[in-house]
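>>> pasted the sequence and its predicted model underneath.
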Amino acid sequence: TKDADMAALFTCGVCDTRVMKMFTRHSYEKGVVIVECPGCKNNHVLADNLGWFGEEKNIEEILKAKGEEVLHAKMRDGDIYLA
C-alpha cells in the first residue's frame, strides 16, 4: 500500500508458499498486524501490541521464543541490504 513502510518476507509454515506483505511501522509497533497467506488463506500474526493473541508482541519475539532467526534488511537507493 501507499503508506506501507515495512515488509515481511516469509515461508508459510502450513503450505510452504513464499509470502511478502507490506504494512506500516505504526501498526507493527503500536497495533496488530495479521496477514493472509495467498496459498492456503491461513492467517499469520506478525504483531500483537494489544495482547489479543498472547504475550509476545511481534514476529521477532514470537520467532525468538521458538528459537528461530529473524533477518533485518534496509532499502537504500532502490537496493535491499541485509542489516
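Arrived safely.
>>> so which other helices or strands are in contact with the helix-or-strand element of the chain with minimal mean pLDDT?
When each helix and strand of the chain is scored by mean pLDDT, DSSP states H and E, strand 79-82 comes last, with a mean of 77. If contacts are counted by 3 or more Cβ pairs under 8 Å, 6 or more residues apart in numbering; DSSP states H and E, strand 79-82 sits against strand 73-76. Any C-beta I mention is one placed from the backbone N, CA and C, and that applies to glycine too.
>>> can you list contacts of the strand it packs on?
Applying Cβ atoms under 8 Å, 6 or more residues apart in numbering, the external contacts of strand 73-76 come out as 80-83.
>>> quick one: distance of that strand to the chain centre.
A distance of 16 Å separates the centroid of the chain from that of strand 73-76, by Cα atoms, centre = their mean, to the nearest Å.
>>> list the strands paired with it, with their directions.
strand 79-82 (antiparallel) (DSSP bridges).
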